[in-house]
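J.: sequence first, then the predicted structure:
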Amino acid sequence: MKASWDIFCSVVDNYGDIGVTWRLARQLVAEHQQGVRLWVDDLRAFVPLCPEADVSAAQQWQQGVEVCQWPAQWPATEVADVVVEAFACKLPEGYLQAMKAREKPALWINLEYLSAEDWVSGCHGLPSMRPDGLKRMFFFPGFDAGTGGLLREADLLQRRHAFEQDPQAKQVFLQGLGVCPAYNARLISLFAYENTGLASWLDAMAAGAGPTHLLVPQGRIMGDLLQWLGIEQLPLGAVEQRGALTVQALPFVRQEDYDHLLWSCDFNAVRGEDSFVRAQWAGRPLLWHIYEQEEDAHWVKLNAFLDLYVKGLSPQAARAVTGLWHAWNAGAEMGESWNGVLQCWPEIAAHAEQWCLEQSLQADLAQALVLFYRNWI
Ligand code: TRH
């Protein structure tokens, strides 16, 4: 059954808000044949993910999604069957009025941020009544069966496995980015916020027994990287070597290609929400730089995830992963914990694949949303 969807995205900062909503919109169209309009208040954040997009278009079609600039002056607009307010971004007043006037009520969903905290499954799917008579449903992504699940395209793991089994796929992809690592180098991608712990991690990799090739997409960590390298700039594609460590700056790649980058690496440092989930689907060891929140609320989220994630690891490996993630998020010394992870590498690598498989048994978030709507009508 084809329904119409309006997804509202306000770009607070970075790429997470648009990253999640664009991925969801594409999947609703491609896999569920839904009619999707994506309202974005700042298209400048969209273009790096979808380079064909026109930053100044009021309306455009991209991959079957109608992408609309969310204008300051809200125009008269027909309300969709399902309204997704991403991350409590506050719907336009004019749209709310139109929702009230709609003969058949629209399903209004507030899509929340991802968290592994216990309370999430208790709040997932709950309604909130507003004084104006409109009802909003809370939809929480998450890691257990009581939540809305994680965004995952139906063929994602199949595509990853095909990529891994094709001996040329990785080479062709990396060569396209100008990356030619030494045959025995450990390949690492680094996507993170500014981090005072970076220098000590780079020191440890430079002093490592084997070669490491670090790929750094353009972004906020670049300043710390340049400082450690002692240079003013690192042009895209250029390579710098310090001891056993090779560092290479990469362009920010389109969203589909970011998966290829994660699949090509042995270890991925990721951040925020969407890249964090994609690194889990890559089935490789990972390091999460969580988005900082007021009053250190992010530490509760970080530890809630770690508690879940390290289950099944030996005490030594669990300590190594937890130690590394804690050091990174505290901007603290990384050398000791990195070496701790290296010592448990085979176990941590096998665990990452196992975690991916377990998580893939859950319904994915787009599927869960479509089902939620079907059950609601
Ligand atoms: O950009 P982020 O830090 O986004 C953050 C978080 O979502 C945070 O929770 C939110 O509150 C804040 O934004 C406003 O990290 P995230 O979520 O991983 O989003 C990055 C997106 O960019 C993701 O969709 C992957 C994509 N990406 C590419 O498409 N190409 C690239 O080269 C890279 C590095 C990322």
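T.: Yes, it's here.

J.: relative to residue 80, how far out is residue 35?
T.: 8 Å (CB to CB, to the nearest Å). (C-beta placed from N, C-alpha, C; glycine too.)

J.: and stretch 266-285, how far from the chain's centre?
T.: Distance of stretch 266-285 from its chain centroid, counting by CA atoms, centre = their mean, to the nearest Å, is 7 Å.

J.: quote the end-to-end distance of it.
T.: This stretch, stretch 266-285, spans 7 Å end to end (CA to CA, to the nearest Å).

J.: check stretch 310-320 too.
T.: OK, stretch 310-320 end separation, CA to CA: 10 Å.

J.: picking up where we left off before, neighbour count for residue 35 and residue 80, which is higher?
T.: Set side by side, residue 35 and residue 80 show more neighbours around residue 80, with 21 against 16, by other CB atoms under 10 Å.

J.: surely that one and residue 8 touch.
T.: No - Residue 80 lies out of contact with residue 8 (CB atoms under 8 Å); the separation is 10.4 Å.

J.: where do the strands sit along the stretch 1-150 of the chain?
T.: Ranges of strands in the stretch 1-150 of the chain, per DSSP state E, counting those that start in this stretch, are 4-9, 35-40, 59-62, 65-69, 82-86, 107-111, 127-129, 135-139.

J.: shared neighbours, residue 35 and residue 80?
T.: Common contacts of residue 35 and residue 80, defined by CB atoms under 8 Å, 6 or more residues apart in numbering, comprise 3-5.

J.: so who does residue 42 touch?
T.: 10-11.

J.: the ligand versus that one, what's the distance?
T.: Per CB to the nearest ligand atom, to the nearest Å, residue 42 is found 11 Å from the ligand.

J.: what's the closest non-adjacent residue to the spatially most central residue of the chain?
T.: The chain has residue 274 as the residue nearest its centroid, 1.1 Å off, counting by CA atoms, centre = their mean. Distance criterion CB to CB, 6 or more residues apart in numbering; nearest residue to residue 274, sequence neighbours excluded, is residue 19 at 3.9 Å.

J.: counting neighbours, what do you get for the one you found?
T.: Residue 19: 24 neighbours (other CB under 10 Å).

J.: for residue 313, same thing?
T.: Residues near residue 313, counting by other CB under 10 Å, number 20.

J.: try residue 292
T.: 11.

J.: on the three-state scheme, it is what?
T.: Classification of residue 292 by DSSP: H, G, I helix; E, B strand; the rest coil places it in coil.

J.: that one and residue 298 touch, don't they?
T.: Yes - if you go by CB under 8 Å, residue 292 and residue 298 touch, sitting 5.5 Å apart.

J.: can you give me the distance of residue 196 to the ligand?
T.: Using CB to the nearest ligand atom, residue 196 is found at 18 Å from the ligand.

J.: could you do residue 342 as well?
T.: Using CB to the nearest ligand atom, residue 342 is found at 24 Å from the ligand.

J.: please apply the same query to residue 197.
T.: 17 Å.

J.: looks like residue 242 contacts residue 207 (just checking).
T.: No - with contact defined as CB under 8 Å, residue 242 and residue 207 do not form a contacting pair (9.5 Å).

J.: any idea which residue of the protein lies closest to the ligand?
T.: Per CB to the nearest ligand atom, residue 16 is where the chain lies closest to the ligand, at 1.7 Å.

J.: grab the nearest non-local neighbour of that residue.
T.: Using CB to CB, 6+ apart and skipping the chain neighbours, the partner closest in space to residue 16 is residue 272 (4.2 Å).

J.: got a pLDDT number for the one you found?
T.: We note a pLDDT of 97 for residue 272 in this prediction.

J.: now for it, how many residues are close by?
T.: With other CB under 10 Å as criterion, residue 272 counts 23.

J.: is it in contact with residue 291, as I believe?
T.: Yes - between residue 272 and residue 291 there is a contact under CB under 8 Å: 5.2 Å.

J.: who touches both of those two?
T.: With CB under 8 Å, 6+ apart as the test, residue 272 and residue 291 both reach 14, 16.

J.: count of neighbours near residue 234?
T.: If you count neighbours by other CB under 10 Å, residue 234 ends up with 18.

J.: around the ligand, pick out the residues from the chain.
T.: Within reach of the ligand by CB under 6 Å from any ligand atom, the chain has these residues: 12-17, 19, 49, 113, 191, 217, 252-253, 255, 258, 271-276, 291.

J.: of those residues, which belong to helices?
T.: Taking DSSP state H as the definition of helices, the residues of the chain next to the ligand contribute 16-17, 19, 255, 258, 274-276.
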